[in-house]
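**Student:** With the sequence up front, the predicted model follows.
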Amino acid sequence: MGFFMPTKVLYGKDIVLRNRELFQSLGETFLIITGKSSRKNGSLDDVLDVLERKHVYIYDETPENPPMEVVEEISERFEDVDIVIGLGGGSPMDTAKAVAVLIENKHLKPEDLYDKSKYQSAKPIICIPTTAGTGSEVTQYSVLTVNGRKRGFSHECVFPKISFIDYKYTLTLNESLTLSTALDALSHAIEGFLSTKATPFSDMLAIESVKIIKEYLPRLMSDLANEFYRERMMFASTLAGMVIAQTGTTIAHALGYSLTTDKGVKHGLATAIFLPYELKIAKKHGCQKANIIIDMFDGSMYEFYRLLNVRLDTLITDDDIYSWASIVINASHLSVTPGKYDLETIVEAYKEVRERFC
Ligand code: FE
């Protein structure tokens, strides 16, 4: 067993502004990949401030669940940059990772991102998360949308070189984004803990992350401007990201992807609603670690979700369920998830979620 997470993590309030010299030393030409919200939460101003007198290109139209076409467009438009900055939630950071590979390796086609053997390096990536949940700032993963389906690639060369993590950018997140991103972090921690690739190193981080989210997420949801609670969630999200950098995600993520691509359900919400089912199946197959998590939630996660008012405003038909299940049955996540899953078990997962949350 081992632990590998080579990103330099700089964490704390005003962490970008306090590292002006470091930013200045990184290179001459920067590409900032972001969305519109970075203009409102103060993060883009901070980054532009510390990049004073550098050449800075900004791409601020990253959509949610970024399609490969966007990655391709950015890579063609900004060919010559030294550093790629992913600023925002998972979408800009994951886009930045893919773009950093394609700019460095000009001969690659976008689909080559999924063939690890075709490249070994990327332009240096800097990540600055403005939500607390994705963990992308400390992982080697990038999840893009290819032909309408979520498809992740993984390569050590896309671990960010440095991540600047400041909870203050999350202070203006609304209720629904706060909840869905926090639930993504919770999914990372629990799925990573259950994963057959978990190690005692990743388990320590996972348990700490779950504890923090269990304790502070309900408080944060009734006090969104509370800096202490915001900081706790950012910390838990970072820990959970470090967990999945070791373990990857398990079946809850695979089950949630179709709800996001086909029904527009936010990623963290779409994923977390499957955790009770994943725990139930793991427990049924004798996975002791499932009991540890279930005990942390006093016997059932459903009560915790009720407290957080977790629900789905989505119509799910039987046809949806069968078509999604036929995708999940082939997902690589299954091989690292404890318990046995056949088509019927997967269909049951969707039916249980529909019954509980719709
Ligand atoms: Fe996730």
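**Tutor:** That came through fine. Numbering: from 1, shown residues only.
**Student:** which residue ranges form the helices in the stretch 201-350 of the chain?
**Tutor:** For the stretch 201-350 of the chain, the helices defined by DSSP state H, counting those that start in this stretch occupy 227-247, 251-263, 267-272, 275-284, 288-296, 301-307, 318-328, 343-357.
**Student:** can you list contacts of stretch 291-307?
**Tutor:** Applying C-beta atoms under 8 Å, 6 or more residues apart in numbering, the contact partners of stretch 291-307 are 190, 193-194, 207, 210-211, 214, 218, 272-273, 275-276, 279, 283, 356-357. Where you see a C-beta, it was placed from the backbone N, CA and C, and this is true even at glycine.
**Student:** Any quick PyMOL command for the buried ones out of those residues?
**Tutor:** With 16 or more other C-beta atoms under 10 Å as the criterion, this PyMOL line picks the buried residues out of the contacts of stretch 291-307:
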select buried, resi 190+193+194+207+210+214+272+273+275+276+279+283+356+357
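**Student:** What residues sit buried inside whichever helix or strand I33 is part of?
**Tutor:** Assigned by DSSP states H and E, I33 belongs to strand 29-34. Buried residues in strand 29-34, counted by 16+ other C-beta under 10 Å: F30, L31, I32, I33, T34.
**Student:** Let me see the contact set for the second one.
**Tutor:** Going back to what we said before, that points to L31. If you count contacts by C-beta under 8 Å, 6+ apart, L31 has them with V56, Y57, I58, Y59, I74, F78, V81, I83, V84, I85, V99, I103.
**Student:** Need phi/psi at the fourth one.
**Tutor:** Right, Y59. Dihedral angles of Y59 (phi, psi; degrees, to the nearest 10) stand at phi -110, psi 110.
**Student:** go on, the third one?
**Tutor:** Its backbone dihedrals place I58 at phi -120, psi 130, with angles given as degrees, to the nearest 10.
**Student:** Strands along the protein, start to end?
**Tutor:** Using DSSP state E, the strands of the chain run over 8-11, 29-34, 55-59, 83-88, 125-129, 141-146, 149-154, 162-165.
**Student:** just to revisit the earlier point, for the helices of the stretch 201-350 of the chain, which one sits closest to P200?
**Tutor:** Shortest distance between P200 and the helices of the stretch 201-350 of the chain, using C-beta to C-beta, is found for helix 227-247: 10.6 Å.
**Student:** Excluding chain neighbours, what is closest to D320?
**Tutor:** Distance criterion C-beta to C-beta, 6 or more residues apart in numbering; nearest residue to D320, sequence neighbours excluded, is D262 at 6.9 Å.
**Student:** P67 against T145, yeah?
**Tutor:** Yes: if you go by C-beta atoms under 8 Å, P67 and T145 touch, sitting 4.6 Å apart.
**Student:** out of the two, which sits in the busier spot?
**Tutor:** Remark: of P67 and T145, T145 carries more neighbours, 21 against 15, as counted by other C-beta atoms under 10 Å.
**Student:** circling back: I'd like to know which of the helices of the stretch 201-350 of the chain is closest to P129.
**Tutor:** P129 sits nearest to helix 227-247 of all these, at 7.6 Å, using C-beta to C-beta.
**Student:** Which secondary structure elements does the closest one sit against?
**Tutor:** Judged by 3 or more C-beta pairs under 8 Å, 6 or more residues apart in numbering; DSSP states H and E, helix 227-247 is in contact with strand 8-11, helix 175-194, helix 200-221.
**Student:** before we move on, the earlier item: JSON lines for the contacts of L31, including pLDDT?
**Tutor:** Below are those laid out as JSON lines (pLDDT from 0 to 100):
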{"residue": "V56", "pLDDT": "98"}
{"residue": "Y57", "pLDDT": "98"}
{"residue": "I58", "pLDDT": "98"}
{"residue": "Y59", "pLDDT": "98"}
{"residue": "I74", "pLDDT": "98"}
{"residue": "F78", "pLDDT": "96"}
{"residue": "V81", "pLDDT": "97"}
{"residue": "I83", "pLDDT": "98"}
{"residue": "V84", "pLDDT": "98"}
{"residue": "I85", "pLDDT": "98"}
{"residue": "V99", "pLDDT": "98"}
{"residue": "I103", "pLDDT": "98"}
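**Student:** which among those residues gets closest to I125?
**Tutor:** Nearest to I125 out of the contacts of L31 is V84 (C-beta to C-beta; 5.4 Å).
**Student:** OK, contacts around the residue lying closest to the closest one once chain neighbours are set aside?
**Tutor:** Residue nearest to V84 in three dimensions, not counting chain neighbours: A100, with 4.2 Å by C-beta to C-beta, 6+ apart. By C-beta under 8 Å, 6+ apart, the contact list for A100 reads V84, A122, K123, P124, I125, V158.
**Student:** again, but for L179
**Tutor:** Contacts of L179 by C-beta under 8 Å, 6+ apart are L217, M221, G268, L269, L308, V310.
**Student:** Kindly recompute the last result at 7 Å.
**Tutor:** M221, L308 (C-beta atoms under 7 Å, 6 or more residues apart in numbering).
**Student:** One more: P276?
**Tutor:** P276 makes contacts with S300, M301, Y302, as judged by C-beta under 7 Å, 6+ apart.
**Student:** Now, of these, which are buried?
**Tutor:** The neighbour count (16+ other C-beta under 10 Å) marks M301 as buried among the contacts of P276.
**Student:** And the closest residue to R151 other than its chain neighbours, how far from I327?
**Tutor:** Leaving out its chain neighbours, the residue that sits closest to R151 by C-beta to C-beta, 6+ apart is L144, at 6.0 Å. L144 is 16 Å from I327, where distance means C-beta to C-beta, to the nearest Å.
**Student:** Just want to know which of the two has more residues nearby.
**Tutor:** For L144 versus I327, neighbours defined as other C-beta under 10 Å are more numerous around L144 (24 against 16).
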